[in-house]
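Engineer: Predicted model, plus sequence, below.
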Amino acid sequence: MVASPYLINFALKFPQNSRLRTLSCSCIIPALFELYMLSIKRLDFHPAFLSVMKNYSFSKFKSDLTAGLVVGIIAIPLAIAFAIASGVTPAVGLITAIIGGFLVAAFGGNSVQIGGPTGAFIVIIYNIIAIYGLQGLALATFMAGCILVLLGIFRLGTVIKFIPYPIVVGFTAGIAVTIFSTQMPDFFGLHITEQVPGDFIGKWGVYLRNFGTVNWITAATGLLSLAIIIFTPKISKRVPGALTAIILVTILVWLAREYFGITDVQTIGDRFGSFETAIPQPHFIGFNMESVRLLLPSAFTIAMLGAIESLLSATVADGVTGDRTNSNTELIGQGIANMTIPLFGGIPVTGAIARTMANITNGGRTPVAGIVHSIVLLLVFLFAMPLISMVPMACLAAVLIMVSYNMSGWRAIKGMATNPKGDVWVLVVTFLLTVIFDLTIAIEIGMLLAVVVFLRRVSENTTIRVYGDQLDAADTDMTQHEVLDLEKGVSVYEIDGPFFFGAATKFDDMMRTAPRNTPYVRIIRMRRVPFIDSTGLHNLQILIESSHQEGILVVLSGVRENVRDALHRSHIDNLIAREHICDHISKAVVVANELARKRRAAESSQAAGA
């Protein structure tokens, strides 16, 4: 592609001027725009917002406006609750939902995706803040955004979907249990004076020791909130139970304070004080290589979790709307959001399944609904924060307890109980590691265990058969019945399945335990070998070399083109005569029988001469 005059002008001017301020805006702005357009053309980056705007209409806007208003209202209690549970202020949760929701809608690859803070991030955010502080969280979030953008640039959006389902179910259930456990003090009004440990077991030990300090008025408030959340959908599915509980219980607690002097129930304002009602100015994220090294594992976990949740949400949405998400664009959009959020003090953002489904249910079909949802949250942030400070903490705890119940996926766990034992163990181990340790370890060990289970299954499905006197081609080729007679001294070893390190070890063991009567020729039949790895190549090379040392010739049969290429690249084909690599078993048997007859005749001649 030929560079534009703007880019040429920019390139010529930049070396001559050491300071950026000497470059005129007339050069920089068009050059950056040109680079942006080039990136869109070369990358798989096609925001859904740009495509839907081509045929946008007023009727679509009305539907999007209604959906955006509803989802914006639903998002208010969730953004606040997730922020508090993560260890930051409610204002941070709203800022994250405002900016993150807007950027996900504007740059994402799904038309109905609603972005914002989610429960899946609570555990990891809380741990990062506890160890590295808010500055560490900002850097980890920014790095996670960079990772997401790179995943999209290198077109890895579809690869993320290949993470095993038991791992997803396991860590999601583990996160749900962890969220539930963090809400006990606020839900029951526990008066805890000692430091609450970060680990699951230590935390519950503190709860049990201090359970005698339960504030029963606070507990009643939490139970009432939970009852409203549960039973509101039974009355009307369009009315969000969380918002209904917050409004009714907040009014009830305010009346109890004003007219009855009951101040036992702690509110958001009691804990956090007053809030700023202005979007914070963007600030620089300080970092050094040591900080990057320490926070890279956490950033990777945030990125993977965000990618999984956003693409899972997009897949669910596609099943309802019939659209098709551009996975790479979605990852880039999520990355842009997470690179921008920490500049304003926000927390990680991803696609939210519940809010996305609410958007679809209420008529949202384009990213405009997501933008409207952000505007609604912005208006709440600017004008309604004094009202939000009156919300009881026990009510927010009830909201999060309900969120954790919905996240737990107990039905999926129950359904997987009858699955193969390997999958069940992957689920259980991932769940326990998430609860007892942390999400990073859980995903790493879960993936490793899933790979081991997969490789074991593949190696078990790779069979090796040995033929001595006759080979029935009809049993293997499904052609006409044909029995191939094998000369004395010809053995056939058929490998059925991938010849990777697991199967290669099995083949090597079989060769070592084979009968010690030495054949003249070994036919290695590989027609059902779809691929061969380095271990398989190494074992095959050793077999050929050791066979030649013993005076045994090797003939390869049915070698596929990709396997033949692998043999050629590793120079194994140089160890065997070209005519000893056959494309069909009948040819290989003819060659092997002829070689065996010649060897037997040569031995007879030697014996007669002696």
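Structural biologist: Okay, I see it.
Engineer: only C-alpha atoms for contact and neighbour calcs from this point on.
Structural biologist: Will do.
Engineer: in the protein, what spans have low per-residue confidence?
Structural biologist: 1-42, 161, 468-482, 502-506, 508-509, 511-517, 609-610 (pLDDT under 70).
Engineer: Show me where it has its strands.
Structural biologist: Under the criterion DSSP state E, strands of the chain are mapped to 115-116, 350-351, 463-467, 470-472, 483-485, 490-496, 521-528, 553-557, 581-582.
Engineer: looking at the ones you listed, which is buried most?
Structural biologist: Stretch with highest mean neighbour count among the strands of the chain: strand 350-351 (a mean of 32; mean count of other Cα atoms under 10 Å).
Engineer: ok, residues contacting it?
Structural biologist: Strand 350-351 is contacted from outside by 100, 104, 113-118, 306-307, 309-311, 313-314, 334, using Cα atoms under 8 Å, 6 or more residues apart in numbering.
Engineer: do that again at 6 Å, thanks
Structural biologist: 114-116, 306, 310 (Cα atoms under 6 Å, 6 or more residues apart in numbering).
Engineer: Direction included, what does that strand pair up with?
Structural biologist: Partner strands and pairing direction for strand 350-351 (DSSP bridges) are strand 115-116 (antiparallel).
Engineer: Give me the contact list for the partner strand.
Structural biologist: Contacts for strand 115-116 (Cα under 6 Å, 6+ apart): 97, 100-101, 104, 349-352.
Engineer: Excluding residues flanking it in the chain, which one is nearest Val589?
Structural biologist: Leu486 (6.9 Å; Cα to Cα, 6 or more residues apart in numbering).
Engineer: quick one: that neighbour from Phe154, how far?
Structural biologist: 52 Å (Cα to Cα, to the nearest Å).
Engineer: Tell me which of these two has more neighbours.
Structural biologist: Between Leu486 and Phe154, Leu486 has the larger neighbour count (other Cα atoms under 10 Å), namely 19 against 11.
Engineer: What is the burial count for the closest residue to Thr267 other than its chain neighbours?
Structural biologist: Sequence neighbours aside, Pro392 is the residue nearest to Thr267 in space, at 4.0 Å (criterion: Cα to Cα, 6+ apart). Pro392 has 27 neighbours, counted by other Cα under 10 Å.
Engineer: and the gap between Pro392 and Ile247?
Structural biologist: Pro392 is 10 Å from Ile247, by Cα to Cα.
Engineer: Same check on Ala83?
Structural biologist: Distance from Ala83 to Ile247, by Cα to Cα: 19 Å.
Engineer: which of the two has more neighbours?
Structural biologist: Ala83 (27 against 16).
Engineer: ok, now which ones touch the more buried one?
Structural biologist: 90, 93.
Engineer: now do the one 3 residues further on
Structural biologist: For Ser86, the contacting residues are 122, 125-126, by Cα under 6 Å, 6+ apart.
Engineer: And it, how far from Pro117?
Structural biologist: 10 Å.
Engineer: Same question for Pro392.
Structural biologist: Distance from Pro392 to Pro117, by Cα to Cα: 20 Å.
Engineer: And Lys60, by the same measure?
Structural biologist: Taking Cα to Cα, one finds Lys60 at 27 Å from Pro117.
Engineer: Between these two, tell me which one has more neighbours.
Structural biologist: Pro117 (30 against 16).
Engineer: backbone phi and psi for the more buried one, please?
Structural biologist: When read as degrees, to the nearest 10, the backbone of Pro117 gives phi -70, psi 140.
Engineer: before we move on, the earlier item: can I get the strands of the chain in JSON lines with distance to Ile268?
Structural biologist: Below are those laid out as JSON lines (distance: least, Cα to Cα, whole Å):
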{"stretch": "strand 115-116", "distance to Ile268": "20"}
{"stretch": "strand 350-351", "distance to Ile268": "25"}
{"stretch": "strand 463-467", "distance to Ile268": "64"}
{"stretch": "strand 470-472", "distance to Ile268": "79"}
{"stretch": "strand 483-485", "distance to Ile268": "83"}
{"stretch": "strand 490-496", "distance to Ile268": "65"}
{"stretch": "strand 521-528", "distance to Ile268": "66"}
{"stretch": "strand 553-557", "distance to Ile268": "75"}
{"stretch": "strand 581-582", "distance to Ile268": "77"}
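Engineer: For Thr440, find the nearest of those strands.
Structural biologist: strand 350-351 (17.5 Å; Cα to Cα).
Engineer: burial measure for Val424, as a count.
Structural biologist: 18.
Engineer: What separation do you get for it and Glu309?
Structural biologist: 21 Å.
Engineer: now swap in Gly212 and tell me
Structural biologist: Taken as Cα to Cα, the span from Gly212 to Glu309 is 39 Å.
Engineer: more crowded one of these two?
Structural biologist: Glu309 (20 against 10).
Engineer: From Pro282, how far out is that one?
Structural biologist: Applying Cα to Cα to Glu309 and Pro282 gives a distance of 27 Å.
Engineer: Tell me who's in contact with Ile268.
Structural biologist: Contacts of Ile268 (Cα under 6 Å, 6+ apart): 389, 391, 393.
Engineer: Would you agree the second one is in contact with Thr267?
Structural biologist: Spelled out, that is Val391. Yes - applying Cα atoms under 6 Å, one finds Val391 in contact with Thr267, separated by 5.4 Å.
Engineer: Identify the contacts common to these two.
Structural biologist: Counting by Cα under 6 Å, 6+ apart, nothing touches both Val391 and Thr267.
Engineer: number of nearby residues for Met289?
Structural biologist: 8.
Engineer: sorry, that was for Ile201
Structural biologist: Using other Cα under 10 Å: Ile201 sits among 12 other residues.
Engineer: do you know how far it is from Leu432?
Structural biologist: Distance from Ile201 to Leu432, by Cα to Cα: 12 Å.
Engineer: Likewise for Leu449?
Structural biologist: Leu449 is 14 Å from Leu432, by Cα to Cα.
Engineer: Tell me who's in contact with Lys237.
Structural biologist: Neighbours of Lys237 in contact, by Cα under 6 Å, 6+ apart: none.
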